[in-house]
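K.L.:
Give the three-dimensional model of this entry:
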Amino acid sequence: MKKVFYSFDYDDNWKVQQVRNIGVVTNENVVEPSKWETVKRSGNEAIKNWINKEINNSDVVVVLIGQYTYNSRWVKYEIQYALNSGKKIIGIHINNLGDKYGRKCLTGNSPFNEINDYRARSIEIFNPSISNALNEIKSILLKL
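P.N.:
Residues are numbered from 1 along each chain as shown. Reported below is the predicted structural model:
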């Protein structure tokens, strides 16, 4: 079982928890809300250090792509750091997972297009169907 670092926009936390609860990967580096607030209050360098440590301790980075993930400063940083560290990276659209009210959202732009690095253009991106998104995501994670 691979150690996975999940990169995501914090506004998608509810959907990310659904993916995390699948339970098919180890070391799922999803920071809890209270921990994230603590790290965030410590400043940008503390955030970078935390991200670097967690990615270094992982085998693969899974970018969970929501509607606005492409705008996230920290997702961009995580992708670039993972590229520079030689980590395997994949993207999975999570727009077909419901939020806490069961609502789905529009497919977000790829955050990889926001990275000024040719290596980001070749990252594989999965787009699970609306009818079976969680099971398809589970299948993708099992193949890591």
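
K.L.:
Could you look up the SS state of residue 106?
P.N.:
Each residue gets one of three states, and residue 106 gets coil by DSSP: H, G, I helix; E, B strand; the rest coil.

K.L.:
so who does it touch?
P.N.:
For residue 106, the set of contacting residues under the criterion of C-beta atoms under 8 Å, 6 or more residues apart in numbering consists of 67, 95. In this view, the C-beta of every residue, glycine as well, is placed from N, C-alpha and C.

K.L.:
Just the C-alpha atoms of the helix or strand bottoming out on mean pLDDT in the chain, please, in CSV.
P.N.:
Lowest mean confidence among the helices and strands of the chain (mean pLDDT, DSSP states H and E): helix 33-41, at a mean of 77. Output in CSV follows, covering the C-alpha atoms of helix 33-41 (Å, rounded to 0.1, in the frame of the first residue of the first chain):
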residue,chain,number,x,y,z
PRO,A,33,-9.1,21.6,10.4
SER,A,34,-7.7,22.4,13.8
LYS,A,35,-4.2,21.3,12.8
TRP,A,36,-4.4,23.3,9.6
GLU,A,37,-5.4,26.4,11.5
THR,A,38,-2.4,25.9,13.8
VAL,A,39,0.0,25.5,10.9
LYS,A,40,-1.5,28.4,9.1
ARG,A,41,-1.1,30.8,12.1
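
K.L.:
Only alpha carbons, please: show the helix or strand that it is followed by as PDB.
P.N.:
For helix 33-41, the following helix or strand on the C-terminal side (DSSP states H and E) is helix 44-56. Extracted as PDB, the C-alpha positions of helix 44-56 are listed here (Å, rounded to 0.1, in the frame of the first residue of the first chain):
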ATOM      1  CA  ASN A  44       4.100  30.800   5.300                       C
ATOM      2  CA  GLU A  45       7.500  29.200   6.100                       C
ATOM      3  CA  ALA A  46       5.800  26.900   8.600                       C
ATOM      4  CA  ILE A  47       3.200  25.900   6.000                       C
ATOM      5  CA  LYS A  48       6.000  25.200   3.400                       C
ATOM      6  CA  ASN A  49       8.000  23.200   6.000                       C
ATOM      7  CA  TRP A  50       4.900  21.100   6.900                       C
ATOM      8  CA  ILE A  51       4.000  20.400   3.200                       C
ATOM      9  CA  ASN A  52       7.600  19.500   2.300                       C
ATOM     10  CA  LYS A  53       7.900  17.100   5.200                       C
ATOM     11  CA  GLU A  54       4.600  15.400   4.400                       C
ATOM     12  CA  ILE A  55       5.400  15.100   0.700                       C
ATOM     13  CA  ASN A  56       8.900  13.800   1.400                       C
END
